[in-house]
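Peer 1: Predicted model follows, preceded by the sequence.
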Amino acid sequence: MAKLKVQIVEDEGVVALDIRRHLESFGYEVVGSHASGEEAISQFKTEAPDLVLMDIRLQGKMDGIEAAQIIRKQFRVPVIILTAYADEKTIERAKFIEPFGYIIKPFEERELRTNIEMALFRHKLETQLQESEERYRRLFEEDVSADFVADAQGVFLACNRSFVEYFGFTNAAEVEGTHLNSRFPDESQAADFWQQLKQQKRLVLHELDLLRADGSELNLLANVVADTDENDAITEINGYLIDISTRKNLEQQLRQAQKLEAVGRLAGGVAHDFNNILTVILGYSTIVQEKLVKQDTAIENEVSGIEEAAKRASTLTRQLLAFSRRQILKPKQVHLNELIHNLEKMMRRLVTEEFGMYLNLSADPDTVWVDPGQIEQVLMNLIVNARDAMAQGGRITIRTTNYQVDSPQASPMGKIPPGNYVCAAVRDTGMGIEPHMLKMIFEPFFTTKSEEKGTGLGLSTVYGIVKQSNGYLQVETETNEGSTFWILLPLHHSTEEAPKRKKGMEPSYSGTETVLVVEDEKSLRNLVERILKLYGYTVFLADGPVAALELARNDEYEFDVLVTDLVMPRMGGEELSKHFLEIRPSTKVIYMSGYPHKHSEPESESEPEVPFISKPFSPEVFAKVVREVLDDSYTS
């Protein structure tokens with residue numbers, strides 16, 4: 001072990017020799033003895049002592065206190081004052097240089113050694129502390145994350161270079177003294193941050209959106225730690241922020257790519273199914289034309305084939321609308337247990353003998369506000385899905401129960417808000433769903449089944465209907481153990497049914513009234529004309545709102561009912577009807593559309609809802625609505 005090297009600065013030679021003798025007896029090495037401060041400093045680098053014993057009164061212009069101050073500042077070596085002076089003025093001057101010891105001559109050998117050992121120990125601790133502080137300073141300053149220190153109110157006390165760069169400041173001085181709250185986009189986000197920090201005292205990987213100096217938004221991942229006092233009150237906060245704006249942008253791009261992939265799958269699926277349908281229609285139409293040319297009137301089978309293909313197209317359209325949550329629903333109060341019980345026979349027809357189906361309908365109360373036909377479709381789709389998941393047969397269980405959500409819960413359809421729900425669950429004992437497929441099962445045309453078993457619209461339709469019914473879905477699955485689909489519908493507390501209009505007697509759909517049809521699609525306009533004339537009506541046609549309003553202004557014509565498409569260029573059906581009724585206030589109005597547009601709600605309860613015909617429609621349905629509107633017996 002290397003000997004401790006000591007430099008003696010003492011102007012009296014005898015005293016210096018005595019000190020040297022003591023030091024050498026302790027096992028220390030005396031590397032130099034000097035009578036003046038100037039000489040000691042000039043030899044300091046050469047001698048490189050570990051400790052200096054310094055007298056105050058020295059030869060030369062510099063006294064010991066001045067020399068000790070220079071040594072401490074330039075070389076950071078501990079200095080022990082060794083002097084005969086102990087007056088108050090000298091001691092006060094000595095305090096200024098923070099000596100590691102102050103020994104009064106004459107001294108005892110034990111006193112000298114004790115002071116030297118304590119000085120070395122203190123110097124070691126100070127050195128370690130300085131190194132630790134330097135490491136922390138460098139870590140703080142050079143850290144790639146944006147680090148800051150703020151007081152209990154959120155006023156910035158310090159920040160590092162990355163913080164300055166993150167937020168677009170010129171230097172740290174611009175930040176210090178400003179308030180953390182000024183970096184939040186709004187007061188509510190700031191309040192939420194402080195509330196969480198006060199409750200938890202430590203926020204780990206907490207996502208924050210803060211503002212740069214120029215007002216632009218910065219997406220950050222924050223670790224924030226609060227220092228507290230004995231009363232658990234915050235005294236200081238330390239924050240470490242990581243810029244995740246790039247990651248957020250990439251996530252957004254990924255989501256957009258996934259949406260485009262889903263849209264591509266949707267477009268491909270729609271094209272595939274509609275091409276099949278169109279092939280049937282075109283094929284049968286060609287056969288009909290050939291038979292008519294040959295004066296063969298036996299075309300009943302071909303016409304039936306065309307009709308069936310059109311119905312398939314209509315069904316596919318309804319499924320797509322349900323998926324997109326734009327299907328027009330007709331909700332009413334429904335007892336879910338009763339609905340499932342009434343549907344049981346139909347559900348059992350979907351499965352064969354190797355499947356067992358069990359009902360456990362225990363929800364009480366079980367009232368929900370839904371479109372019963374759409375919820376029946378949801379259940380049927382889930383039964384078919386469960387059946388197809390069990391190639392070798394198995395067990396399907398349908399149960400209802402009540403469920404209370406106390407705090408928001410995650411689901412494939414977003415957070416489930418607190419409240420009371422009626423749940424319907426369909427469980428199978430099939431193969432289960434692979435974890436990597438769970439995120440895709442509700443996408444349109446995504447399916448793991450073979451082509452002949454399904455198009456992949458079943459679960460996407462379930463998703464759309466449940467979403468539009470203000471409900472939520474949960475999925476529990478385990479590979480080779482089976483899956484459970486939970487439908488959560490808000491409990492409906494009212495015991496009253498929705499008001500119903502009085503139904504008239506079933507009349508003949510024929511009539512002699514005058515109908516104005518406004519439709520921008522020529523083929524459909526001509527079809528409607530043929531339907532109405534077939535039932536005896538007088539028909540006027542307009543290819544758009546402008547032509548319709550011109551007819552309205554012509555006093556030569558009288559119109560009993562206006563039938564208008566809702567979506568047309570330049571002016572929609574709703575706006576047209578308003579202008580039309582200003583001219584012809586007694587005319588009745590019927591909307592029609594292939595797009596599930598939600599027309600304006602009546603301004604008052606006494607104002608009747610405008611009748612609506614959804615495309616595609618059959619001639620009978622169209623004529624029925626027109627007749628009921630004219631007879632004031634229409635019900636939606």
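Peer 2: Arrived safely. Numbering: from 1, shown residues only.

Peer 1: domains of this structure?
Peer 2: 5-139, 143-243, 251-323, 332-490, 514-630 (automatic domain parsing).

Peer 1: how long is the last one from one end to the other?
Peer 2: What it means is domain 514-630. 10 Å (Cα to Cα, to the nearest Å).

Peer 1: chain center to that domain: distance?
Peer 2: 43 Å (Cα atoms, centre = their mean, to the nearest Å).

Peer 1: now swap in the second one and tell me
Peer 2: If you compare the mean C-alpha spot of domain 143-243 with that of the full chain, they lie 22 Å apart, counting by Cα atoms, centre = their mean.

Peer 1: any chance you could map the strands in the stretch 451-600 of the chain?
Peer 2: Taking DSSP state E, counting those that start in this stretch to define them, one finds strands in the stretch 451-600 of the chain at 472-478, 482-490, 514-518, 538-542, 561-565, 588-593.

Peer 1: any idea of the angle the second one forms with strand 472-478?
Peer 2: Here strand 482-490 runs at 160 degrees with respect to strand 472-478, directions being taken by axes from the mean of the first three to the mean of the last three Cα atoms, to 10 degrees.

Peer 1: So which bits of strand 482-490 are buried?
Peer 2: 482, 483, 484, 485, 486, 487, 488, 489, 490 (16 or more other Cβ atoms under 10 Å). No exception for glycine: its C-beta is placed from N, CA and C like everyone else's.

Peer 1: which secondary structure elements does the strand or helix carrying residue 137 contact?
Peer 2: Here residue 137 is covered by helix 109-142, with elements defined by DSSP states H and E. Under the contact criterion of 3 or more Cβ pairs under 8 Å, 6 or more residues apart in numbering; DSSP states H and E, helix 109-142 touches helix 13-25, strand 51-54, strand 79-83, strand 101-104.

Peer 1: pLDDT weak spots in the stretch 501-636 of the chain?
Peer 2: For the stretch 501-636 of the chain, the stretches flagged by pLDDT under 70 are 501-507, 595-608, 636.

Peer 1: Over to the stretch 151-300 of the chain?
Peer 2: For the stretch 151-300 of the chain (pLDDT under 70), the answer is 254-272.

Peer 1: could you dump the helices and strands packed on helix 109-142 to CSV with mean pLDDT and mean neighbour count?
Peer 2: Output for these, formatted as CSV (pLDDT from 0 to 100; neighbours: other Cβ atoms under 10 Å):
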stretch, mean pLDDT, mean neighbour count
helix 13-25, 91, 15
strand 51-54, 93, 26
strand 79-83, 89, 23
strand 101-104, 86, 16
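
Peer 1: what would these look like in a markdown table with distance to residue 612?
Peer 2: Below are these laid out as a markdown table (distance: least, Cβ to Cβ, whole Å):
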| stretch | distance to residue 612 |
| --- | --- |
| helix 13-25 | 108 |
| strand 51-54 | 99 |
| strand 79-83 | 97 |
| strand 101-104 | 99 |
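
Peer 1: So for residue 181, which of the ones you listed sits nearest?
Peer 2: Evaluated over these, closeness to residue 181 peaks at strand 79-83, with 48.7 Å, by Cβ to Cβ.

Peer 1: strands paired with that closest one, and their directions?
Peer 2: Using DSSP bridges, the strands paired with strand 79-83 are strand 51-54 (parallel), strand 101-104 (parallel).

Peer 1: Which one, of these, ends up nearest to residue 144?
Peer 2: Once these are compared by Cβ to Cβ, strand 51-54 is nearest, at 40.9 Å.

Peer 1: buried residues in the following helix or strand past that closest one?
Peer 2: Following strand 51-54 in sequence order, the next helix or strand is helix 64-75 (DSSP H and E). By neighbour count with 16+ other Cβ under 10 Å, helix 64-75 contains the buried residues 64, 65, 66, 67, 68, 69, 70, 71, 72.

Peer 1: Put together a markdown table for those residues, with distance to residue 581 on each row.
Peer 2: Output for the buried residues of helix 64-75, formatted as a markdown table (distance: Cβ to Cβ, whole Å):
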| residue | distance to residue 581 |
| --- | --- |
| 64 | 108 |
| 65 | 104 |
| 66 | 104 |
| 67 | 106 |
| 68 | 103 |
| 69 | 99 |
| 70 | 101 |
| 71 | 102 |
| 72 | 97 |
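
Peer 1: Just give me the neighbour total for residue 370.
Peer 2: 29 (other Cβ atoms under 10 Å).

Peer 1: List the residues that contact it.
Peer 2: 329, 331, 332, 334, 469, 471, 489 (Cβ atoms under 8 Å, 6 or more residues apart in numbering).

Peer 1: quick one, what contacts the closest residue to residue 171 other than its chain neighbours?
Peer 2: Among residues not flanking residue 171 along the chain, residue 164 sits closest, at 6.2 Å (Cβ to Cβ, 6 or more residues apart in numbering). Residue 164 makes contact with 170, 171, 172, 174, 175, according to Cβ under 8 Å, 6+ apart.

Peer 1: and the first one, backbone torsions?
Peer 2: In this entry, residue 170 is assigned phi and psi values of phi -80, psi -40 (degrees, to the nearest 10).

Peer 1: dump the residue contacts of it.
Peer 2: residue 164.

Peer 1: where's it relative to residue 164, distance?
Peer 2: 7 Å (Cβ to Cβ, to the nearest Å).

Peer 1: Ok, the last one next?
Peer 2: Between residue 175 and residue 164 the distance is 7 Å, computed by Cβ to Cβ.

Peer 1: same deal with the third one?
Peer 2: To residue 164, residue 172 is 6 Å away according to Cβ to Cβ.

Peer 1: for the helix holding residue 137, the distance to its chain's centre please.
Peer 2: 51 Å.

Peer 1: elements contacting the helix or strand following that helix?
Peer 2: Where DSSP H and E defines the elements, the next helix or strand beyond helix 109-142 is strand 146-151. On a contact count with 3+ Cβ pairs under 8 Å, 6+ apart, strand 146-151 meets strand 156-159, helix 161-167, strand 234-243.

Peer 1: Which of the strands of the stretch 451-600 of the chain sits closest to residue 236?
Peer 2: Once these are compared by Cβ to Cβ, strand 472-478 is nearest, at 43.0 Å.

Peer 1: Give me the buried positions along the closest one.
Peer 2: Buried, per 16+ other Cβ under 10 Å, within strand 472-478: 472, 473, 474, 477.

Peer 1: Could you spell out the sheet neighbours of that strand, each with its direction?
Peer 2: Partners of strand 472-478 in its sheet, by DSSP bridges: strand 482-490 (antiparallel).

Peer 1: Quick one: mean pLDDT over the strand it pairs with.
Peer 2: Average pLDDT, strand 482-490: 92.

Peer 1: pull the CA atoms of that strand into CSV?
Peer 2: Written as CSV, here are the backbone C-alpha positions of strand 482-490 (Å, rounded to 0.1, in the frame of the first residue of the first chain):
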residue,chain,number,x,y,z
GLY,A,482,-63.8,-23.1,-26.8
SER,A,483,-65.0,-19.5,-27.0
THR,A,484,-67.6,-17.3,-25.3
PHE,A,485,-69.1,-14.2,-26.9
TRP,A,486,-70.7,-11.9,-24.4
ILE,A,487,-73.3,-9.3,-25.6
LEU,A,488,-73.8,-6.5,-23.0
LEU,A,489,-76.9,-4.4,-23.6
PRO,A,490,-77.8,-1.5,-21.3
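
Peer 1: Now render the buried residues of strand 482-490 as a markdown table, adding distance to residue 282.
Peer 2: Below are those laid out as a markdown table (distance: Cβ to Cβ, whole Å):
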| residue | distance to residue 282 |
| --- | --- |
| 482 | 44 |
| 483 | 40 |
| 484 | 44 |
| 485 | 39 |
| 486 | 44 |
| 487 | 40 |
| 488 | 45 |
| 489 | 43 |
| 490 | 46 |
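
Peer 1: Tell me where the stretch 151-300 of the chain has strands.
Peer 2: According to DSSP E, counting those that start in this stretch, the strands that the stretch 151-300 of the chain contains are 156-159, 202-211, 217-228, 234-243.

Peer 1: Which one of those strands lies nearest to residue 355?
Peer 2: With Cβ to Cβ as the criterion, residue 355 lies closest to strand 202-211 of the strands of the stretch 151-300 of the chain, at 46.5 Å.

Peer 1: No further questions, thank you.
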